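>>> can't give you the sequence, but here's the structure:
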């Protein structure tokens, strides 16, 4: 008959699996994040009875990593008085290559979080940006890691080298809301001004290029050309206005 052993731990974690060629000296239980975490491989029981004494379990103390995700209202990258924590933000801990997800959680009502890893090693933390118009705060803008934001513009920390410690509570992330204003694109306004129309009439027709950078994604806006003023009717308008035949012909956007 084929059977398996399973280890159920109330704390800590299973250590590395079979690090030597000697089954009497290494751990025979699979660790997280493998599909067989906590289990041995299947093995056959002796048909004639007897004792099997080569199944060992390596135990390691887990390291808890935190600590805080907050609404950085002024987007200065520093935790100021009155700036609240953000609830429900997903936090993930990955291996140093960012290929294996080791643990994940969401922040509580105060913006606090805890993820856990199996012992010392190299890890990377990721904050998943919540839905809506949010952006990450400037990174490490404060005098101390305990009061500033430690993630980059994509939500990742640097690879953290964790020694043998019980807890690390210095990885924070600031997020601020992006406020939409009438002028979403920096640079020349989209409207058609009276002075521009007059200049167009004097020159027998005009072209105006509109360019800028989007405040949301940082990408350059399309360049556009206006049609001659002889085609314009009525007062001023905006790009794409149906009152202006052949309004804008986009020439493409650069990334």
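Nice, thanks for sending it over. Given the structure is predicted, the values throughout are model-derived calculations rather than measurements.
>>> isn't residue 45 right next to residue 5, touching?
No: with contact taken as C-beta atoms under 8 Å, residue 45 and residue 5 are classed as non-touching, separated by 11.5 Å. C-beta here means a position set from N, CA and C on the backbone, and glycine is covered the same way.
>>> For residue 102, which non-adjacent residue is closest in space?
Sequence neighbours aside, residue 93 is the residue nearest to residue 102 in space, at 5.0 Å (criterion: C-beta to C-beta, 6 or more residues apart in numbering).
>>> Sticking with that neighbour, tell me its helix or strand.
Using DSSP states H and E, residue 93 falls within strand 90-95.
>>> buried stuff in that strand?
Along strand 90-95, these residues count as buried under the neighbour rule (16 or more other C-beta atoms under 10 Å): 90-95.
>>> quick one: average pLDDT of that strand?
The average pLDDT within strand 90-95 is 95.
>>> ok and the next helix or strand after it relative to strand 90-95, angle-wise?
Note on strand 90-95: by DSSP H and E, the next helix or strand toward the C-terminus is strand 101-106. Per axes from the mean of the first three to the mean of the last three C-alpha atoms, to 10 degrees, the angle that strand 101-106 makes with strand 90-95 is 160 degrees.
>>> ok, strand 101-106: who's next to it in the sheet?
Paired neighbours of strand 101-106 in the sheet (DSSP bridges): strand 90-95 (antiparallel).
>>> Out of the buried residues of strand 90-95, the closest to residue 40 would be?
Out of the buried residues of strand 90-95, the one with the shortest distance to residue 40 is residue 95. That distance is 23.5 Å, counting by C-beta to C-beta.
>>> And residue 63, its phi and psi?
Backbone torsions for residue 63, taken as degrees, to the nearest 10, come to phi -110, psi 130.
>>> sorry, back to before: quick check: bridge partners of the residue nearest to residue 102?
Bridge pairing for residue 93 (DSSP bridges) gives the partners residue 103, residue 125.
>>> Numbering from 502 from now on, please.
Okay, using 502 as the starting number, the last item reads as residue 594.
>>> which sections of the stretch 602-751 of the chain are below the confidence cut-off?
Residues of the stretch 602-751 of the chain that meet the criterion pLDDT under 70 lie in 665-666, 682-751.
>>> make it 90
603, 617-623, 643-647, 661-671, 679-751 (pLDDT under 90).
>>> sorry, back to before: when residue 546 and residue 506 are compared, which one has more neighbours?
Summary of the neighbour comparison: residue 546 and residue 506, criterion other C-beta atoms under 10 Å, with residue 506 having more neighbours (15 against 11).
>>> And stretch 624-640, what's buried?
For stretch 624-640, the buried set under the neighbour-count rule, 16+ other C-beta under 10 Å, comprises 624-628, 630, 636-640.
>>> mind listing which of the residues you listed are in strands?
For the buried residues of stretch 624-640, membership in strands holds for 624-628, 636-637, with DSSP state E as the criterion.
>>> Quick check: the two most widely separated of those residues?
For these, with distances taken as C-beta to C-beta, the pair at the greatest spread is 624 and 636 (24.6 Å).
>>> can you give me the strands for the protein?
Here the chain has its strands, by DSSP E, at 503-504, 514-515, 544-545, 560-561, 563-572, 591-596, 602-607, 616-619, 622-628, 635-637, 661-663, 668-678, 725-726, 750-751.
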